[in-house]
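Undergrad: Coordinates for the following, if possible.
(one chain, ligands or ions: 3)
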Amino acid sequence: MKCQVKEGPIAQEATDVLVVSGYEDENTLSKTHQALDNALGGQLQELRNNGEFSGKNQQSVLIHTRGALPAKRVLWLGLGKKNSVTLDGVRQAMGTAFKKVWQTGAQTFSAPVFGTDALTASASDIAQVMVEGALLGRYRFTHYRSDKEEPSKEIRTMTLLANRANEVSRIKTGVRRGEASANATSFARDLCNHPANVMTPSRVVQEAQNIAKKALRVTLTVLERKDQQKLGMGGMLGVSRGSQEPPKFIVLEYSGGKKQERPVVLVGKTVTFDSGGISLKPSENMEQMKADMTGGAEVLGAVRAAAQLRLPINVVGILPATENMPGGRATKPGDILRMLNGKTVEVQNTDAEGRLILADGLAYAAQLNPQCIVDIATLTGACIVALGQFAIGMLGNDDALKADLSKAGEQAGERVWEMPLWEEYFEQLKSDVADMRNIGGRGGGMITAGMFLSKFVGDCPWVHLDIASTDWSTSERPYISKGPTAIGTRLLVQWLINRSGKRALLNSPNQGK
Ligand code: BES
Ligand code: MN
Ligand code: ZN
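TA: Ligands and ions are numbered 1, 2, ... in the order given. Take a look at the predicted model:
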């Protein structure tokens, strides 16, 4: 679907469906709606009066205009109460609206930028979330289905209408950002949806190669097993021992900033299947462990989006990629590994594998002398217990960085919640035979995992995001399909956009057209 922007009054817009919004606590029609209502012979007011249109978030009514307007249909869409509309509320309303429009068989739809009178956000930010809601509401994974169960017609164009000519370029910026972040999210969802017999570490390398081939200023380096041996990546080597699939340590670099500018580094856990290894998992829901590479898929998506938006920053994406399998040569409980930074780890549970490969990923990242490191991982079942479906766990050693990620999460509708990273917790990770062990006992599992990771970043500003549980939705939501959610992708993209600051606006393509 193409997303475009133009200036023009809604009552004159020729399109298959015109989507207009309304609030829950609004009884009289606004000026612009009044014009539509006049053309429609008072239908809008009538729908309001008899309660058919309530304005509740995501509630909608479809009206056929039968020639009364250039638009063939009007979809009246609720945004909820005017004083409690949020950006994510707009994203959700748009996700629902998109599905409604799609069901009608329409090929085009148009909408003004919603909520400019209710939100403090800029037209650019609102345009961004509208595009995200629509594109992600469209997301389906039908790759392996013979019956695609889809509306047969695709929507070709979404048009955002600007009130004033001087708003067009700002709205275009928002649209481009929305496209980049939604496409990055869909890309990451696809990688997670593909089964583990397809999405192997080698296939993840191919996906990274594709990005490097298509995007400007992106280069790929892959460290093979022998390179990992040379460097001493004990975590990578230890976790991959039980698998027939060769482990890949993937480094995807985007250089949009100045040459001498230190990079920001993103590290994503990329376990293409987590069986638990010798500490085998129970079989119930084990199929969901094909998505244990969500962090890595998101890092690829975020680097791709940064390149697409030509953000003026240097970003390095690191994906330690492997399977975690039992096998004759697999790592056994009690085995000791020496990690890239020289520290030794006693593996007491082979199912705590994420932190082992991340240890090498983070140590490698720290060697790049970066501005900061952010890692993202489906790391602990304890995160599921502590925070459930709606919050990403956050731990880190730098308050400013945590605040930035928290803000980006808020903007992206992917909120984080901080957990304490207090040195006291390291007690639980002490080993009798090595520098530390890879499990921390019963209490505070998300925290001890974060504590473990902290020993591999040196004194670099760093934040860890635990997306276990939020990475998988058990139900269909307005712009989140059932299954892999790729939560964190939009957060990372938004954080990179924010970090690029005003320079991003100047450098982006098509600006001012
Ligand atoms: N990938 C899992 C965590 C996970 C579980 C993510 C469920 C998403 C849904 C991770 O590798 C794991 O197995 N963690 C163990 C660690 C434990 C052995 C210390 C866990 O949390 O059970
Ligand atoms: Mn595991
Ligand atoms: Zn895992």
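
Undergrad: contacts, neighbours, all on C-alpha from now
TA: OK.

Undergrad: In contact with G354, which residues are there?
TA: Contacts for G354 were tallied using C-alpha atoms under 8 Å, 6 or more residues apart in numbering; they are 269, 271, 377-379.

Undergrad: need these in TSV with secondary structure, can you?
TA: Putting the contacts of G354 into TSV (DSSP: H, G, I helix; E, B strand; the rest coil) gives the following:
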residue	secondary structure
K269	coil
V271	strand
A377	strand
T378	coil
L379	coil
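
Undergrad: tell me which element the residue lying closest to Q43 once chain neighbours are set aside is part of?
TA: Counting by C-alpha to C-alpha, 6 or more residues apart in numbering, D37 is the residue found nearest to Q43 once chain neighbours are left out, at 6.2 Å. Following DSSP states H and E, one finds D37 within helix 31-39.

Undergrad: per-residue confidence averaged over the following helix or strand past that helix?
TA: Toward the C-terminus, helix 31-39 is succeeded by helix 43-49 as the next helix or strand (DSSP H and E). Confidence for helix 43-49, expressed as mean pLDDT, is 96.

Undergrad: can I have helix 43-49 written out in PDB, keeping just the CAs?
TA: Extracted in PDB, the C-alpha atoms of helix 43-49 (Å, rounded to 0.1, in the frame of the first residue of the first chain):
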ATOM      1  CA  GLN A  43     -27.200  11.400   8.500                       C
ATOM      2  CA  LEU A  44     -24.300  12.100  10.800                       C
ATOM      3  CA  GLN A  45     -26.300  14.100  13.300                       C
ATOM      4  CA  GLU A  46     -29.000  11.400  13.200                       C
ATOM      5  CA  LEU A  47     -26.500   8.600  14.000                       C
ATOM      6  CA  ARG A  48     -25.300  10.700  16.900                       C
ATOM      7  CA  ASN A  49     -28.800  11.500  18.200                       C
END
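
Undergrad: one step back: contact partners for the residue nearest to Q43?
TA: 43-45.

Undergrad: sec struct for the closest residue to I63 other than its chain neighbours, please.
TA: Nearest non-adjacent residue to I63, counting by C-alpha to C-alpha, 6+ apart: V74, 5.1 Å away. What three-state DSSP gives for V74 is strand.

Undergrad: And for V74, the neighbour number?
TA: By the criterion of other C-alpha atoms under 10 Å, V74 has 25 neighbours.

Undergrad: Show me what it bridges to in the sheet.
TA: The partner list for V74 in beta bridges (DSSP bridges) reads L18, I63.

Undergrad: Would you mind confirming that it makes contact with L62?
TA: Yes. Here V74 reaches L62: they are 5.9 Å apart, a contact under C-alpha atoms under 8 Å.

Undergrad: hmm, back to that, restricted to buried residues, select the contacts of G354 in ChimeraX.
TA: Only the buried entries of those go into this ChimeraX selection, using 16 or more other C-alpha atoms under 10 Å:
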select :269,271,377,378,379
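
Undergrad: out of the contacts of G354, who's near ligand 1?
TA: Under the cut-off given by C-alpha under 6 Å from any ligand atom, ligand 1 has 378-379 from these close to it.

Undergrad: that older thread, now for the residue nearest to I63: which residues touch it?
TA: By C-alpha under 8 Å, 6+ apart, V74 lies in contact with 17-20, 62-65.

Undergrad: Could you measure from it over to ligand 1?
TA: Per C-alpha to the nearest ligand atom, to the nearest Å, V74 is found 42 Å from ligand 1.

Undergrad: tell me the pLDDT at that residue?
TA: Looking at V74, its pLDDT stands at 98.

Undergrad: E424 too?
TA: For E424, pLDDT reads 98.

Undergrad: Equivalent analysis for K153, please.
TA: What the model reports for K153 is a pLDDT of 85.

Undergrad: Secondary structure element holding the spatially closest residue to it that is not a sequence neighbour?
TA: Spatial nearest neighbour of K153, chain neighbours left out: G105 (5.6 Å); criterion: C-alpha to C-alpha, 6+ apart. For G105, there is no enclosing helix or strand under DSSP H and E.
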